[in-house]
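Peer 1: let's see this in three dimensions:
(4 chains)
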Amino acid sequence: MDFTLDSEQKALRDAVRSLFSSFDNEQRRAVVAEDPGFSEEQWGRMAEMGLLGLPYAEADGGMGAGPVELSLVAEELGRVVAPEPYVETVVLAGGLVAALGTAEQKQDVLGAISAGERVVAAALLEPATRWDLAADGVVEKDGTLTGTKEPVLVGGRADQLVVSARVDDGLGFFLVSPGEGVTVTSYATFDGGRAARVVLDGAPAQRLGDGSVDPHAALARVVAAAKIAYCHEALGLMESALRRTTEYLTQRKQFGVTLNRFQALTFRAADMYTSVELTRSIVEWASMVLADAGSTPEQVTEAARRAKLQVSKAGRHVGQEAIQLHGGIAMTDEYAVGHMTARLTAIDHLLGDGREQSRHLVASLGDHEVLDPLR
Amino acid sequence: MDFTLDSEQKALRDAVRSLFSSFDNEQRRAVVAEDPGFSEEQWGRMAEMGLLGLPYAEADGGMGAGPVELSLVAEELGRVVAPEPYVETVVLAGGLVAALGTAEQKQDVLGAISAGERVVAAALLEPATRWDLAADGVVEKDGTLTGTKEPVLVGGRADQLVVSARVDDGLGFFLVSPGEGVTVTSYATFDGGRAARVVLDGAPAQRLGDGSVDPHAALARVVAAAKIAYCHEALGLMESALRRTTEYLTQRKQFGVTLNRFQALTFRAADMYTSVELTRSIVEWASMVLADAGSTPEQVTEAARRAKLQVSKAGRHVGQEAIQLHGGIAMTDEYAVGHMTARLTAIDHLLGDGREQSRHLVASLGDHEVLDPLR
Amino acid sequence: MQLALSKDDTDFREEMRAFFTEKVASEIRDAVRAGHHLTKAQIVEAQQTLNAAGLAVPSWPAAWGGRDWTPLQRHIWQQEMELACVPPPLAFNTGMIGPVIAHFGSEEMKQRFLPPTANLDIWWAQGFSEPDAGSDLASLKTRAVRDGDDWVIDGQKTWTTLGQHADWIFVLCRTDPDAPKKQQGISMILVPIETEGVTVRPIKLIDGGKEVNEVWFESVRVPGDLLVGEENQGWTMAKFLLGNERVGVAPVGQTKRRLATLKEHAREVGLLDDAVLASRIAELENDLLALELTALRVVASSSEGKPHPASSVLKLQGTVLQQAVTELLVDVAGPLALASGAGEDSEVPDWARVSAPLYLNYRKASIYGGSNEIQRQIIAGSILGL
Amino acid sequence: MQLALSKDDTDFREEMRAFFTEKVASEIRDAVRAGHHLTKAQIVEAQQTLNAAGLAVPSWPAAWGGRDWTPLQRHIWQQEMELACVPPPLAFNTGMIGPVIAHFGSEEMKQRFLPPTANLDIWWAQGFSEPDAGSDLASLKTRAVRDGDDWVIDGQKTWTTLGQHADWIFVLCRTDPDAPKKQQGISMILVPIETEGVTVRPIKLIDGGKEVNEVWFESVRVPGDLLVGEENQGWTMAKFLLGNERVGVAPVGQTKRRLATLKEHAREVGLLDDAVLASRIAELENDLLALELTALRVVASSSEGKPHPASSVLKLQGTVLQQAVTELLVDVAGPLALASGAGEDSEVPDWARVSAPLYLNYRKASIYGGSNEIQRQIIAGSILGL
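Peer 2: Here you go, the predicted structure:
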């Protein structure tokens, strides 16, 4: 067991950090104020650096990198509250294509994602369900889809959608392009992003894959990978929120002294640090479980749940305290910390909140005497 | 709605406070070290003052006072961590006799309790059950009882027991005297009190009442009254623990200054105060609900649950923080605060802990839109 | 001790309930219930409806529209108003500057300002906080200098809630920079917002709303008679005002109503069957009950302008529960909370769409109006003697 | 990054697990599992079993019985020991004075003391805390004065854990009362407990146990060669020692084992079907996992005597979880916890009877060994620069 990064991983992390080094809250506000809610230029640069194809096979235009590399990117994006839809497009939508698609579909879609030529969105959620991603409010018939998906993250900007739908033999995933039979209504989300209502009315759809892969198993693994990536994004957010808070405490004066003279505040910052460190441990472990070839699907699913449960708790703690310890300034759009809290809140409620993870962990509580992270 | 005490109530409170004014932790340690774990002399004085017959009808030798008066006594006992088994004997055991007994039984038992001539214990719990007081591990047959009750608070000292048992038509309550067919094994409890294992083997028993009162309803009301009395005892404990803590913070020096110079500590004391004030409000309200002739049995049961839920949360908070803010000294038997925490822990787990109350409150969550304490 | 309300109080409650649910426009109450931001016109309409019935300024002196209610009646009035989703009278008018003018102002000033203040013909803004004086209010820097009969004001205020709607602003200014203590040498001056040199700029908050503002004063000249009370008496007025603010600051009724609708939504999405979520709701209900009972205890023992020391508990715990309920509402909404910007054609219900912005917005509750740290300081210092 | 253990480490773990579960007396392990207090003889027997196999002092220098294990191996050793309910080697010997003597002591002192210390032939007590110096250790008042070659010690120590079993005590004494800083002028002196003038008095704690003591020193005379290292070097040794203490201070394995048995008991009493209780267990398991993984991260980057700064997180969160598990165990026991004093003939199970005393006893965990407030101070100051 080894938590250290190798030199290539460090180089990747530094490169991503450098790419976003001048990205500040002022820029972010300008970018998220206009559709599509992220910077197309930056997206292009990410493609040039190979970040958008990071997890895909080289044959499909990708870099063939693993979950650890992906996690480094997500963490750096979190650190600066970058609005680029990395997890949504690369891990979730692209991940479904990589897991389920035919060779041809993979080359087409993943190649286009990797090159930054196509933004792809996963249309999984439906208004009447919570986290049941095998929802069946959209139905396939004669190669077309009918039904409504909402909220679909990045749906308004997407060049292509990966849509879950009910088919005769259960669950199917389809590629749909905006156009005939597809009505997309885009709107802003509270974290500065975009989501859409996607109404399908006999929309032409191409089924992903040749039926040789179990769609439920593929979905479970892709969702686990996306959860873990979100957890790393959240970790970056928390570390930044903590850093901003400690900086503020050493600079802001009240009652004639800087705030770090108030022990009640510094102790709370210490508790934030504790939350962040505990989160880093479990989130990095989850990436290692995902990366390990010996992990069973159940172990991967469970590791993702465990990381996300911790992120839910720590994200609330750190996000709320970061605002409180700052005071009013952190409530403003002009200051970055509030946006970190908003994004942490969004991540908490994507792919299942803490209670949802806990509910599943309770179900397997009797399967083990103690948890053992060592293998 | 009025939270103020009248002058008689204030006089009663002051008299009880005065009775225990010289009772300190040194005395308490001496008293709880020896059986029966409380002071027979003090018990006698309480009888003389009329405290032991407070809630009973004058015809039965009591004072005919109400729940508010009773709550004042319990609160003062809590304030000094008095080990006298007031709630156990007067409210719980005597309360069952008062609710269920025949006129003759009431005169006999309640008269003897009021006069301090007899300590009576309620033997309700059984080893195999949790808070199911209608447990039926003890069975009646031909006027005798067989089975085991444990833990029975004050069982070792009791001159008489009120025992719940299974009878042909359901639940029955019986008067049992130590002696033939009764084996009592007494031991200390972690809060300085005493409990016992009571093994009944064909023990002669006299059924309480003439069958005209529903035993379940009577039990529910007596348990509610006992819960509320315990809540007041806990309130007294918490107020003392808070007072001790603030005194300590202003006296104890560390790093050259008194501890109240450390803001992280004083803020935590402020949070303790908040817990205590919130507790006082709901606990006093519960006494008023119990006292109000217009309250339905359901309202009384619910009010007791609500008070006990708050006491469970606040008692843990205040008890744990009182020790932590003191440091090591509060871990010692020589210092009173740890005993307050121990007693708060015991009360938490008597007649249902916070989770048990919450479980029942959840069941009626849909019965109301909002809670309204005003009538 | 007595549980039941008196017959008078029961009647009073019925009267309040009937008025609030029958006389205040249902469109306004529906908007409040849904958690939407109200327009200025809606807020004005609601307050004028109350004022016409003598229900806008019950705590004021009777000569200026106040009612000689008991503390319990005032509590019932507020509870019923909140439960009925009636927007409360604008606090800057009825809870802050109104009582200050009534208590400290000249007869002339009272006659000029109190009636339009009660009726919201004048919309007041609060000019207290400054960029460099947050919790440390007394370190304020905005200066007012005598020039003949006039005052000339220079400085900057911030966190001015709803300042964009304001007609007037009451401003704490430093009038004696040489005073030995920073609390001395402060005065309260009334300023028409249209005066030359006053600039109001809304601050966008993290929930996307613009409810607070920065206000700049550049050589703003106002007549001398707009000084409230006496020169350098401002800190006394500020304390008087903030004391009033704290008493009414635990919006128990509003939080109860929010929790009731949350419970309904939880049932709709099937979450009331989740024992963990249901127990969070049940325990929050209990916490709110304890808070409401504490408000009843505290309110009864407060005397005019001198709040019960435990009123800090109301502010502290009041915001804790406000925030807990808004947090729980996002949990009930789950992923649907992401549809915060969706329009009315969305199938995602309105309550789920407003949940996350509401949650983010309410992070302010423990900061503004005397942060929870300030409340703990008050409890530790004034009550516990630490 | 790499999840799997190497083959060597896997083998190492198997070896440890086999040893602890097969070679340490099962009566001792059962007593630990049941939460009973161990006798002195049991603690000695366990440590001697470990020492005979070279497993008592792995962190010491190899010359004195240490093993050149990796940090991960040391972690595995501790985990497996705790999971197998083996009592760990006495911390005062192997984690405190042993390393101090090995690092600061003379060759003669090492030869004299280290072997019997490793084998628990000498039972050491810690003479650090004083009645008026709790968290503020450096303000200690116990004095040692040179008299010829000897030291004469006067003062009082307290919170001396298991001092009633001790053969020797290592004492921090003030040897230069005129030193400019209170941290200077302190020395570490070894004292045989049987020396005339040493009095040990057990302190009864709130759980009824007597595991800590007061120790008085009245004109206690010991030879000069019992000074460890140099005069006035005591504070350096204390910091060295307390740094060591913190690294191993998160008994994750012990808490995991407790939670596992708690889960079993919850199942027995039907509480695993209570979703709220079950979710508390599941979330505690997750918290423990995060703590264990943090220990693995931190341990790997600690170097000898210089703990990773985040080791304060281990102490802080380690005690939080220890306490949470003991609190939850009382909840599982419910009213049966009241039978704490019952004998073996009671039908109330043993685990329920020990639950409340255990809970009360573990309130100490966040106080002793550097209170959680001290840990927060360290994190805020040393790590966050506040």
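Peer 1: where does A:Arg197 fall, phi/psi-wise?
Peer 2: Backbone torsions for A:Arg197, taken as degrees, to the nearest 10, come to phi -100, psi 120.
Peer 1: what of C:Val298?
Peer 2: With angles defined as degrees, to the nearest 10, C:Val298 sits at phi -70, psi -50.
Peer 1: and for it, the neighbour number?
Peer 2: 25 (other Cβ atoms under 10 Å in any protein chain shown). In short, each C-beta sits where N, CA and C put it, glycine included.
Peer 1: pull up the gap between it and C:Leu314, please.
Peer 2: Distance, C:Val298 to C:Leu314, using Cβ to Cβ, to the nearest Å: 6 Å.
Peer 1: before we move on, what about C:Met81?
Peer 2: Separation of C:Met81 from C:Leu314 (Cβ to Cβ): 17 Å.
Peer 1: who's more crowded, these two?
Peer 2: C:Leu314 (28 against 24).
Peer 1: that one touches C:Leu296, doesn't it?
Peer 2: No - look at C:Leu314 against C:Leu296 with Cβ atoms under 8 Å: they stay out of range, at 10.6 Å.
Peer 1: what about the helices in chain A?
Peer 2: Counting by DSSP state H, chain A has helices at residues A:7-19, A:25-33, A:40-48, A:67-79, A:86, A:94-100, A:103-105, A:111-114, A:215-251, A:263-291, A:297-326, A:336-348, A:354-363.
Peer 1: swap in chain C?
Peer 2: For chain C, the helices defined by DSSP H occupy C:7-23, C:26-33, C:40-52, C:71-83, C:91, C:98-104, C:107-118, C:234-247, C:252-268, C:275-300, C:311-333, C:350-361, C:372-378.
Peer 1: okay, these in CSV with distance to chain D next?
Peer 2: Conversion of the helices of chain C to CSV gives the following (distance: least, Cβ to the nearest Cβ, whole Å):
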stretch, distance to chain D
helix C:7-23, 36
helix C:26-33, 30
helix C:40-52, 41
helix C:71-83, 29
helix C:91, 36
helix C:98-104, 39
helix C:107-118, 45
helix C:234-247, 29
helix C:252-268, 15
helix C:275-300, 4
helix C:311-333, 14
helix C:350-361, 22
helix C:372-378, 15
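Peer 1: which of those comes out lowest on mean pLDDT?
Peer 2: With a mean of 79, helix C:234-247 has the lowest mean pLDDT of the helices of chain C.
Peer 1: quick one: closest of the helices of chain A to D:Gly134.
Peer 2: Comparison of the helices of chain A against D:Gly134 by Cβ to Cβ identifies helix A:263-291 as nearest, at 16.8 Å.
Peer 1: so what's the residue in chain A sticking out farthest from the centre scoring on pLDDT?
Peer 2: Residue farthest from the centre of chain A, counting by Cα atoms, centre = their mean, is A:Gly256 at 42.7 Å. Per-residue confidence at A:Gly256 stands at 88 (pLDDT).
Peer 1: returning to that earlier point: nearest to chain C among the helices of chain A would be which one?
Peer 2: helix A:336-348 (3.4 Å; Cβ to the nearest Cβ).
Peer 1: may I ask which helix or strand of chain A has the lowest mean pLDDT?
Peer 2: Within chain A, no helix or strand scores below strand A:253-254, which has a mean of 88 by mean pLDDT, DSSP states H and E.
Peer 1: average pLDDT for the strand of greatest length in chain C?
Peer 2: As assigned by DSSP state E, the longest strand anywhere in chain C is strand C:212-222. Strand C:212-222 carries an average pLDDT of 96.
Peer 1: hey, C-alpha coordinates of it in CSV?
Peer 2: What follows is strand C:212-222 as a C-alpha-only set of coordinates in CSV (Å, rounded to 0.1, in the frame of the first residue of the first chain):
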residue,chain,number,x,y,z
VAL,C,212,-27.8,43.4,0.0
ASN,C,213,-26.0,46.5,-1.1
GLU,C,214,-23.0,48.7,-0.8
VAL,C,215,-23.8,52.3,-0.1
TRP,C,216,-21.3,55.1,-0.7
PHE,C,217,-21.5,58.6,0.7
GLU,C,218,-19.5,61.2,-1.0
SER,C,219,-19.8,64.7,0.5
VAL,C,220,-23.5,64.0,1.2
ARG,C,221,-25.1,67.1,2.7
VAL,C,222,-28.2,66.8,4.8
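Peer 1: output the contacting helices and strands for that strand.
Peer 2: The contact analysis (3 or more Cβ pairs under 8 Å, 6 or more residues apart in numbering or on different chains; DSSP states H and E) places strand C:212-222 against strand C:124-127, strand C:150-157, strand C:186-192, strand C:198-203.
Peer 1: look up phi and psi at the residue farthest from the centre of chain A.
Peer 2: phi 90, psi 0.
Peer 1: what's the burial count for the residue lying closest to A:Gly94 once chain neighbours are set aside?
Peer 2: What sits nearest to A:Gly94 in space, not counting adjacent residues and going by Cβ to Cβ, 6 or more residues apart in numbering or on different chains, is A:Ile113, at 4.9 Å. Neighbour count of A:Ile113, defined by other Cβ under 10 Å: 27.
Peer 1: same deal with C:Thr70?
Peer 2: Neighbour count of C:Thr70, defined by other Cβ under 10 Å: 14.
Peer 1: residues touching it, list them.
Peer 2: Applying Cβ atoms under 8 Å, 6 or more residues apart in numbering or on different chains to C:Thr70 gives no contacts.
Peer 1: how close does it sit to chain A?
Peer 2: As judged by Cβ to the nearest Cβ, to the nearest Å, C:Thr70 and chain A stand 36 Å apart.
Peer 1: quick one: the strands in the stretch 101-250 of chain A?
Peer 2: In the stretch 101-250 of chain A, the strands defined using DSSP state E, counting those that start in this stretch lie at A:120-123, A:139-141, A:144-153, A:160-167, A:170-176, A:182-188, A:194-204, A:206-207.
Peer 1: which one, of these, ends up nearest to chain C?
Peer 2: Chain C lies closest to strand A:182-188 among the strands of the stretch 101-250 of chain A, at 3.6 Å (Cβ to the nearest Cβ).
Peer 1: as JSON lines, the helices of chain C with distance to A:Val139 would be great.
Peer 2: As requested, the helices of chain C are exported to JSON lines (distance: least, Cβ to Cβ, whole Å):
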{"stretch": "helix C:7-23", "distance to A:Val139": "45"}
{"stretch": "helix C:26-33", "distance to A:Val139": "36"}
{"stretch": "helix C:40-52", "distance to A:Val139": "43"}
{"stretch": "helix C:71-83", "distance to A:Val139": "44"}
{"stretch": "helix C:91", "distance to A:Val139": "53"}
{"stretch": "helix C:98-104", "distance to A:Val139": "61"}
{"stretch": "helix C:107-118", "distance to A:Val139": "60"}
{"stretch": "helix C:234-247", "distance to A:Val139": "57"}
{"stretch": "helix C:252-268", "distance to A:Val139": "24"}
{"stretch": "helix C:275-300", "distance to A:Val139": "31"}
{"stretch": "helix C:311-333", "distance to A:Val139": "26"}
{"stretch": "helix C:350-361", "distance to A:Val139": "24"}
{"stretch": "helix C:372-378", "distance to A:Val139": "51"}
